[in-house]
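> Dropping a prediction and its sequence here:
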Amino acid sequence: MRPPRTLRTALAVTAALLASACGDAAAPAGPSVLLVTLDTTRADHLGCYGRGLDVTPAIDALAASGARFERCLATASVTPVSHATILTGRWPYEHGLRVLAGGGGDVLDAAVPTVAEALRAAGWGTGAFTSADTVARRYGLDRGFDVYDTGHGEAFDPADGRRNDNQRRADLTTDRAIAWLEQREGPVFLWAHFFDPHDPKLRPPDAFLAEFRARFPGVPADAPAGTRPPAGYDAEVHYMDAQVARLLAALEATGRGDAVVALTADHGEGLGDHGWHAHRLLYQEQIRVPLVLRGPGVPAGAVVEGLASTVDLAPTLLELAGVPAPPASGRSLVPLARGEAPAPRVVYADQLNALDLHCSFLDRRPLDDLLY
């Protein structure tokens, strides 16, 4: 026999009060957040930024359903420094992670709050799935994440073709991210980092490369081991795009189709411009990066001409999630995405190559020691 309605109501209220007294927090009301960072990816090699090849259909569709920022600059052209800015909204000289390798300055300042910390404190589940040693735990980028999955230190088969001792291919990272996403309930903050265009040590599957050659005749699909891009660069970008498509499909399949999605890059690549094939300098091809934003309140098809920086990502994501942002040097890009006129501003980037123990090219380019 069911108790009277008044008694049932009293029991429900009592249960709620007990849950509150035990510290159980209400589930967050905001949307899930997906942050995708494409390592070593120039803006001008994506279709939505003018590349004359249909190599990024998933990213192009994402841009069409949200806002694309035409002029976004990274704050550094080396991976951990740039990612520290993305995750904190602080300039490099503020967050303390200054170099890839050094006797100091290669760890995020513990006093600087991160997006993951803010969202986890507000009730979001937080997971990071990264693809290279250049965003390893030792840099302090794991702060605020319930799960920080890098694959480093795991046993691997060198013949597997998807992982080596310091990086893994985007499909393996995506497999891990989707498996985590399917196991979680409620809003999440998921960061997926793909490394594929950085170098050709891990190639896309042979069948994928064969399809790429057939679709894009004349575009180099791969490069011999030990060589640098541009040979194979577009094929690697195309492969990452396929993994972005998988992540977006997983959001839909898990009931998170209204998630805030931000896609950017940590830096670009020389690809022969200015006599340089790699990064670590501050030419436009190395610090102009894509930035695509989609989510509730972001108008579809918007193209934003105002100057943006990756320092703006942290406050932007937190505003769209409805979570108060800690102090930051960046500014929310939501007003620009909605069509407000941009305010005058200066954005900043630096490279402290002379202080980086991993930097070996200064004997050939001594004037590129300290760049601002």
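Noted; the coordinates are in hand. Residues are numbered from 1 along each chain as shown.

> Strands of the stretch 251-372 of the chain, start to end?
For the stretch 251-372 of the chain, the strands defined by DSSP state E, counting those that start in this stretch cover 260-265, 291-294, 302-304, 308-309.

> which intervals of this structure have sub-threshold pLDDT?
1-26, 153, 155, 223-231 (pLDDT under 70).

> which residues in it form helices?
Applying DSSP state H to the chain gives helices spanning 5-21, 57-64, 79-88, 92-95, 115-121, 170-183, 206-215, 233-253, 284-287, 313-321, 334-337.

> Thr126 is nearest to which of the strands of the stretch 251-372 of the chain?
Proximity to Thr126 (Cβ to Cβ) singles out strand 260-265 among the strands of the stretch 251-372 of the chain, at 13.9 Å. No exception for glycine: its C-beta is placed from N, CA and C like everyone else's.

> Give me the sheet partners of that closest one and which way each runs.
Strand 260-265 sits in its sheet next to strand 33-38 (parallel), strand 291-294 (antiparallel), going by DSSP bridges.

> Wait, Arg280 touches Ser360, no?
No: shown here, Arg280 and Ser360 do not form a contact pair, counting by Cβ atoms under 8 Å, at 10.3 Å.

> Looking at these two now, which is surrounded by more residues?
The residue with more neighbours, out of Arg280 and Ser360, is Arg280; 22 against 9, by other Cβ atoms under 10 Å.

> how much space is there between that one and Leu87?
Distance of Arg280 to Leu87, given as Cβ to Cβ, to the nearest Å: 21 Å.

> show me what contacts Ala132?
Counting by Cβ atoms under 8 Å, 6 or more residues apart in numbering, Ala132 touches Asp39, Thr79, Asn166, Gln167, Arg168, His193, Phe195, His198.

> hey, what's the fourth one bridged with?
By that I understand Gln167. Under the criterion used (DSSP bridges), Gln167 bridges to Ala132.

> can you pull the contacts of it?
Per Cβ under 8 Å, 6+ apart, neighbours of Gln167: Ser131, Ala132, Asp133, Phe195, His198, Lys201, Leu202.

> Apply 10 Å and report the result again.
Going by Cβ atoms under 10 Å, 6 or more residues apart in numbering, Gln167 touches 39, 130-134, 150-152, 173, 195-196, 198-199, 201-202.

> of those residues, buried ones?
39, 130-134, 150-152, 173, 195-196, 198-199, 202 (16 or more other Cβ atoms under 10 Å).

> of the residues you listed, closest to Ala341?
Nearest to Ala341 among the buried ones among the contacts of Gln167, with distances taken as Cβ to Cβ, is Asp39, at 33.1 Å.

> Asp368 - how many residues pack around it?
17.

> of all the strands paired with strand 260-265, which lies closest to Leu119?
Proximity to Leu119, assessed across the strands paired with strand 260-265 by Cβ to Cβ, is greatest for strand 33-38 (6.8 Å).

> any idea how far Gly255 is from Asp44?
According to Cβ to Cβ, Asp44 stands 36 Å off from Gly255.

> which one of these two has more residues nearby?
Neighbours were counted for Asp44 and for Gly255 using other Cβ under 10 Å; Asp44 has more, 13 against 10.

> Report the contact partners of that one.
Shown in contact with Asp44 (Cβ under 10 Å, 6+ apart): Gly50, Arg51, Gly268, Leu271, Gln284, Glu285, Arg288, Pro290.

> Buried members of those residues into PyMOL, please.
Those of the contacts of Asp44 that count as buried under 16+ other Cβ under 10 Å are selected in PyMOL with:
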select buried, resi 51+268+271+285+288+290
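
> circling back: between Arg280 and Ser360, what contacts are shared?
Counting by Cβ under 10 Å, 6+ apart, the residues touching both Arg280 and Ser360 are Asn353.

> Show me which pair in the contacts of Ala132 is furthest apart.
Thr79 and Arg168 (14.7 Å).

> okay but Val147 is in contact with Arg120, surely?
No: between Val147 and Arg120 there is no contact under Cβ atoms under 10 Å: 11.1 Å.

> Identify, from the contacts of Ala132, the entry nearest to Ala159.
Out of those, the member with the shortest distance to Ala159 (by Cβ to Cβ) is Arg168, at 14.4 Å.

> Spatially nearest residue to the closest one, not counting backbone neighbours?
Spatially, and ignoring its direct neighbours in sequence, Arg168 is nearest to Gly151 (4.9 Å; Cβ to Cβ, 6 or more residues apart in numbering).

> Look up how far Gly140 lies from that neighbour.
19 Å.

> what's around the nearest residue to Ala58 once chain neighbours are set aside, how many residues?
Leaving aside its sequence neighbours, Ala58 sits nearest to Ala245 (Cβ to Cβ, 6+ apart; 3.7 Å). Residues near Ala245, counting by other Cβ under 10 Å, number 17.
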